[in-house]
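Trainee: Predicted model and sequence follow; I will ask about them next.
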Amino acid sequence: EAQVTQNPRYLITVTGKKLTVTCSQNMNHEYMSWYRQDPGLGLRQIYYSMNVEVTDKGDVPEGYKVSRKEKRNFPLILESPSPNQTSLYFCASSFRGLAGGQETQYFGPGTRLLVL
Amino acid sequence: QKEVEQNSGPLSVPEGAIASLNCTYSDRGSQSFFWYRQYSGKSPELIMFIYSNGDKEDGRFTAQLNKASQYVSLLIRDSQPSDSATYLCAVSYAGNNRKLIWGLGTSLAVNP
């Protein structure tokens, strides 16, 4: 089954404790992206990756890191989480650089993070 | 600043009626247009995409694109209570990133 998986699905942590949210896709997509979603603010892109070893900042990258060492995986790292990073996080993937609908993004199930 | 605008709603329709959702976008270079449905606390799921002017139908859903007026709409025929969700409009534009620009969504409530 074609899918994007994320782990963990729910996480409660404390300020300053490093954490990693994993994302994996089995569709051989080049493009992967991380979003956070907050009430009234919609989906905001954190980081994206056009391919292995190619990553770039999205709209709200502060406080986050990513890496893309393999095509299927795109982990999101919070080195020192703070309460304002409490949010619902989504990973998404798509084919890269195409148009006509082929750039459709497919989303993982989401990770709900609470930072105390 | 590329923007995608949607009426936040809530849009309330009776069961069996047609729900009409609208989206406008600011960048004339936009190339593909997407409608996603999102249930509360769940991930967005694609309903359909459109990239040519005109209508595109898929079951009870019809997407309409008018590039001259810079709007895209989604019609849901025979609305069901299970259609109650937030509908997100997203637009891609030409560029190295093919980044999607997202609207904030329209909340739809279908009343039995």
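Mentor: Thanks, I have it.
Trainee: Is there a neighbour count for A:Thr15? I'd like the number.
Mentor: Residues lying near A:Thr15 (other CB atoms under 10 Å in any protein chain shown) number 11. In short, each C-beta sits where N, CA and C put it, glycine included.
Trainee: how about it, phi and psi?
Mentor: The phi and psi torsions at A:Thr15 (degrees, to the nearest 10) take the values phi -50, psi 130.
Trainee: ok, it - contacts?
Mentor: Taking CB atoms under 8 Å, 6 or more residues apart in numbering or on different chains, we find A:Thr15 in contact with A:80-83, A:115-116.
Trainee: Same question for A:Asn73.
Mentor: Residues in contact with A:Asn73 (CB under 8 Å, 6+ apart) are A:22-24.
Trainee: cutoff 6 Å now
Mentor: A:Ser24 (CB atoms under 6 Å, 6 or more residues apart in numbering or on different chains).
Trainee: Now do it, the pLDDT please.
Mentor: Looking at A:Asn73, its pLDDT is 98.
Trainee: ok so, going back, chain B: which of the contacts of A:Thr15 is nearest?
Mentor: A:Val115 (18.2 Å; CB to the nearest CB).
Trainee: tell me the SS of the closest residue in space to the closest one that isn't next to it in sequence?
Mentor: Nearest-residue entry for A:Val115: A:Pro81, 4.5 Å, with adjacent residues in sequence omitted and distances by CB to CB, 6 or more residues apart in numbering or on different chains. Recorded secondary structure, A:Pro81: coil (DSSP: H, G, I helix; E, B strand; the rest coil).
Trainee: quick one: the strands in chain B?
Mentor: For chain B, the strands defined by DSSP state E occupy B:4-6, B:11-14, B:19-25, B:30-38, B:45-50, B:54-58, B:61-66, B:71-76, B:85-93, B:100-102, B:106-111.
Trainee: Can you say which of the contacts of A:Thr15 are buried?
Mentor: Buried members of those, scored by 16 or more other CB atoms under 10 Å in any protein chain shown, are A:81, A:115.
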